[in-house]
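Participant: Here is my input, please return the structure:
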Amino acid sequence: MIERVSRDVQKKFERVAELVRNDLRLAGFSLVERDGHSGVSVFVDPFLDGESEGVFVEWRLSSDLTTTLKRCIERGDMENPAIPFGVSVVDTMKECLKGLLEGAGWRVETEYVGVHESSINVSCDSSAAERAGVG
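Facilitator: Residues are numbered from 1 along each chain as shown. All right, here's what the predicted structure looks like:
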């Protein structure tokens, strides 16, 4: 069984996630659930599994593009232009979100994010968190 962070740490993660959501709403982004429509997803992973615990931000592709990509992969059609387009969308939006979050004072990590490969990990020990009293 995978261990969870303490209740206090999870509450801190949830507070940071809400502050991050507020900053992204202020920037004009639509926020979505992890399995929702296209847009920004901010979520908390409370499980202690490598670097997988914490607050994460990711761009969710549209359901149409996701379906197209799945069909291409299932057919082995890796030359389909939808494949590089989908990768470009995720990479571009990840860089955009990273820049916005850093501009708002959040410390972010894009390389060591555990199982959340295409996500950005937002650190609780940043100037934005400290200003909000959760650092």
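Participant: Give the residue farthest from the middle of this structure.
Facilitator: Arg75 (28.6 Å; Cα atoms, centre = their mean).
Participant: quick one: low-confidence parts of this structure?
Facilitator: Scanning the chain for pLDDT under 70 picks out the ranges 1, 34-36, 51, 126, 128-129, 131-132, 134-135.
Participant: show me where it has strands.
Facilitator: 39-45, 54-60, 108-109, 120-122 (DSSP state E).
Participant: re the thing from before, please report how far the residue farthest from the centre of the chain lies from Arg107.
Facilitator: 41 Å (Cβ to Cβ, to the nearest Å). For the C-beta atoms, the positions are set from N, CA and C on the backbone; glycine is no exception.
Participant: Nearest to the spatial middle of the protein, which residue is it?
Facilitator: Val57 (1.9 Å).
Participant: need the contact list for it.
Facilitator: 20, 24, 40-42, 97, 101, 108, 119-120, 122 (Cβ atoms under 8 Å, 6 or more residues apart in numbering).
Participant: Determine which two of these are furthest apart.
Facilitator: Ser41 and Val108 (15.0 Å; Cβ to Cβ).
Participant: returning to that earlier point: excluding covalently adjacent residues, which one is nearest to the residue nearest to the centre of the chain?
Facilitator: Ile120 (4.6 Å; Cβ to Cβ, 6 or more residues apart in numbering).
Participant: The one you found against Leu100, yeah?
Facilitator: No - using Cβ atoms under 8 Å, Ile120 makes no contact with Leu100, being 10.1 Å away.
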